[in-house]
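Asker: return atomic coordinates for the entry below.
(one chain, ligands or ions: 1)
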Amino acid sequence: MSMTDLSPEQDRVAVAPFQTRRTFAIISHPDAGKTTLTERLLAAAGAIQAAGAVRGKAGARSTRSDWMEIEQKRGISITSSVMTFELNGLTLNLLDTPGHSDFSEDTYRTLTAVDAAIMVIDAAKGIEAQTLKLFEVCRLRDIPIITFINKVDREGLGPLDLMDEIAGKLALDLTPILWPIGQGVDFHGYIDLLEKRVLNPAGKPIAEYEEIEDLLDNDALVDDPVFMTALESLELARSALPPFDLATFHAGHLSPVLFGSALKGIGVAELLRTLGEWGPEPRPQPAIPLPIQPADKKVSGFVFKVQANMDANHRDRIAFVRLCSGTFTRGMRLKNVRSGKDMAVSNPMFFFGNDRELAEEAVAGDIVGIPNHGTLSVGDTLTEGATINVTGIPNFAPEIIRRVRLMDAMKTKQMAKALNDLAEEGVAQVFRRIMGSDWIVGVVGPLQLEVLGSRIAKEYGVPIDFESMNYEVARWVESDDPEELKRFIAAQKNNIAEDRTGSPVFLAQNAWWADRAKQDFPKLRFMATKERH
Ligand code: G4P
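Answerer: Just a heads-up that it's a prediction; the model follows:
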């Protein structure tokens, strides 16, 4: 299939508005080039005037995505934001995810709200730790992935080695779409397998073909040893790899691969086309009692992120809601299934990188921001009244567990409120030990603790400190046999805490003790994730 066969928007059969939505995220290891690629994608789509406007790094133009002091100080993007832009009649919603590994929990939850992901890989480094982790989260939900191998303008691993490594480490079928002709100083252009043409490094078409062998008749190309090597490796790759198949891609089992350079703008237009033409429409959302179909008439959505203080003047909280079905209109009353309360959504917002705008109408796949004062928590489902609970928005077992020390004994109440509020936002998880009255917080990364401490001090006026505890592992414990669970809790009462919802959590000194408990109580389930609701 060729993209040219599909491109013009007037050729599309009449579709429901939600079918024009493409909601996606970019996943990568820090420094692979996600920020640069985001800028380029927006620039290529004409959404911003000049590349550079989304960069939140020190010294560059800042945007609202780096509203927090810590974020600015560290030059990293802690919070996720949404960028919506139009392309050939499609609405693309790009959900930004923090690249810093400390904030992986936030990133994971953002991935529950997308229908596709672009995986950016540094051509010199191959698959890195964070890429692998994020990929695994995508795989849990079979999210289709487009692979962008970045930095071909620099020396890197050869394209065949890279394909091998990615396919091997991720156990994922790949199919090449853009193939580089050389790398680094020897980068001589690329072969576009969809448009069936060869382009020079500046992106100018220099040859076309029907069958790839036709290129052997082109003297100028054949005279270039770099081109011949590229052609050979491409042929090897193609003979070893399956052809592109849209259904397999949509099922999350096959990834189209584009080699390019975000910095030089190579392959960016092709990436955008791939996303526009092949990117999946909004998917059904797993829910209880039944999955939500995007074509369902009634409005439903879920909160995947809550962000506080986006606007310092308003001290508001924004709940980011991914719509799953129906046509939402401004002013509509929606029910929060968790609390059973109705709310009139009078000021919903869309986000365009730097700007927000009132959302008059939104459909499945869209992300709307709903300002609120703490009524909406991560994991909440919103409906027109039906009792439906979206599933698959997990809490992750914390890897860092600390006791909260209050510096001012008069402020116990305020501290409890602050911890509860911020736990609802998803900033950290809060536990109480069943013995004693300690407040315990759990986070995935140390930076999260810093954010928690500074926000509690600033927003609630409660100075706190964190003390180490002798725990490295936390696991939610469940059993179909309540007696067995009781026995375990009695045996481990010093190491049992309850989370916000009262579910028991086993705190273990280290992985060995966690394993030991598993062996001693084989009827219990020790879980590293827990659904939020
Ligand atoms: P991230 O968001 O994934 O962390 O990566 P980011 O885009 O910030 O890119 C990390 C570094 O890699 C940046 O260099 C960026 O300029 C560079 N880079 C991104 N894409 C390409 C590419 O296609 N080719 C080459 N050669 N470099 C690329 P830096 O020096 O760390 O930052 P800066 O000072 O340039 O901002």
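Asker: where does this protein have its least confident helix or strand?
Answerer: Least confident helix or strand, the chain: helix 3-6 with a mean of 41, by mean pLDDT, DSSP states H and E.
Asker: parallel or antiparallel, list what pairs with whichever helix or strand comes after that one.
Answerer: Using DSSP states H and E, the helix or strand that follows helix 3-6 towards the C-terminus is strand 21-28. Strands flanking strand 21-28 in the sheet, each with its direction: strand 90-95 (parallel), strand 116-122 (parallel) (DSSP bridges).
Asker: can you show me the helices along the stretch 301-450 of the chain?
Answerer: 412-425, 446-460 (DSSP state H, counting those that start in this stretch).
Asker: so can I have CSV of those showing mean pLDDT and mean neighbour count?
Answerer: (Each C-beta comes from the backbone N, C-alpha and C, glycine too.) Putting these into CSV (pLDDT from 0 to 100; neighbours: other C-beta atoms under 10 Å) gives the following:
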stretch, mean pLDDT, mean neighbour count
helix 412-425, 89, 18
helix 446-460, 87, 18
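Asker: for Ala508, find the nearest of the ones you listed.
Answerer: Ranking the helices of the stretch 301-450 of the chain by distance to Ala508, with C-beta to C-beta as the measure, places helix 446-460 first at 19.8 Å.
Asker: sheet-wise, list the partners of the next helix or strand after the closest one with their directions.
Answerer: Elements were assigned by DSSP H and E; along the chain past helix 446-460, the next helix or strand is strand 464-468. Each strand paired with strand 464-468, and its direction, by DSSP bridges: strand 400-406 (antiparallel).
Asker: buried set for the strand it pairs with?
Answerer: By 16 or more other C-beta atoms under 10 Å, the buried positions in strand 400-406 come out as Ile400, Ile401, Arg402, Val404, Leu406.
Asker: now swap in stretch 431-447 and tell me
Answerer: Result for stretch 431-447 [16+ other C-beta under 10 Å]: buried residues Phe431, Arg432, Arg433, Trp439, Ile440, Val441, Gly442, Val443, Val444, Gly445, Leu447.
Asker: check stretch 241-249 too.
Answerer: For stretch 241-249, the neighbour count (16+ other C-beta under 10 Å) marks Leu241, Phe244, Thr248, Phe249 as buried.
Asker: per-residue pLDDT, the residue nearest in space to the middle of the chain?
Answerer: Closest residue to the average C-alpha location of the chain: Leu111 at 3.5 Å, with C-alpha atoms, centre = their mean. Leu111 is assigned a predicted lDDT (pLDDT) of 91.
Asker: what backbone torsions are found at the closest residue to Ala386 other than its chain neighbours?
Answerer: With C-beta to C-beta, 6 or more residues apart in numbering as the measure, Lys298 is the residue that lies nearest to Ala386, at 6.4 Å, once sequence neighbours are left out. When quoted as degrees, to the nearest 10, the phi and psi of Lys298 stand at phi -80, psi 150.
Asker: burial of Lys298, as a residue count?
Answerer: The number of residues packed around Lys298, counting by other C-beta atoms under 10 Å, is 13.
Asker: hmm, Thr387 and it touching each other?
Answerer: No: checked against C-beta atoms under 8 Å, the pair Lys298 and Thr387 is beyond contact range at 12.0 Å.
Asker: of all the residues in the stretch 401-533 of the chain, which one is nearest the ligand?
Answerer: Taking C-beta to the nearest ligand atom, the ligand has its nearest neighbour within the stretch 401-533 of the chain at Leu447, 15.2 Å off.
Asker: which element, helix or strand, includes Glu39?
Answerer: helix 34-44.
Asker: other SSEs contacting that helix?
Answerer: Helices and strands in packing contact with helix 34-44 are listed as strand 21-28, strand 82-87, strand 90-95, strand 116-122, strand 145-150, helix 268-278; criterion 3 or more C-beta pairs under 8 Å, 6 or more residues apart in numbering; DSSP states H and E.
Asker: how long is stretch 212-219 end to end?
Answerer: The first and final residues of stretch 212-219 sit 14 Å from each other (C-alpha to C-alpha, to the nearest Å).
Asker: what average pLDDT does that stretch get?
Answerer: Mean predicted lDDT for stretch 212-219 stands at 93.
Asker: give me the contact list for it.
Answerer: Defining contact as C-beta atoms under 8 Å, 6 or more residues apart in numbering, one finds that stretch 212-219 is touched by Ile191, Leu193, Val198, Ala207, Tyr209, Leu221, Val222, Leu231, Leu234, Glu235, Arg238.
Asker: so for that stretch, what gets flagged as buried?
Answerer: Using 16+ other C-beta under 10 Å as the test for burial, stretch 212-219 gives Ile212, Leu215, Asn218.
Asker: stretch 480-495 too?
Answerer: Of the residues in stretch 480-495, those with enough neighbours to count as buried (16+ other C-beta under 10 Å) are Leu485, Phe488, Gln492, Asn495.
Asker: just send those residues back as CSV, with secondary structure, distance to the ligand and pLDDT too.
Answerer: Supplementary listing: the buried residues of stretch 480-495 in CSV, determined by DSSP: H, G, I helix; E, B strand; the rest coil; distance: C-beta to the nearest ligand atom, whole Å; pLDDT from 0 to 100:
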residue, secondary structure, distance to the ligand, pLDDT
Leu485, helix, 44, 96
Phe488, helix, 43, 97
Gln492, coil, 42, 95
Asn495, helix, 39, 95
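Asker: count of residues packed around Gly340?
Answerer: Burial measure for Gly340: 8 neighbouring residues, criterion other C-beta under 10 Å.
Asker: quick check: pLDDT value at it.
Answerer: The model reports Gly340 with a pLDDT of 95.
Asker: before we move on, what about Pro284?
Answerer: Residue-level confidence at Pro284 comes out at 95, pLDDT.
Asker: I'd guessed it sits against Asp296; true?
Answerer: No: judged on C-beta under 8 Å, Pro284 makes no contact with Asp296 at a distance of 9.2 Å.
Asker: do you know the pLDDT at the residue lying closest to Val152 once chain neighbours are set aside?
Answerer: Nearest-residue entry for Val152: Pro180, 4.6 Å, with adjacent residues in sequence omitted and distances by C-beta to C-beta, 6+ apart. Per-residue pLDDT puts Pro180 at 97.
Asker: Ser104 now?
Answerer: Here the pLDDT value assigned to Ser104 is 61.
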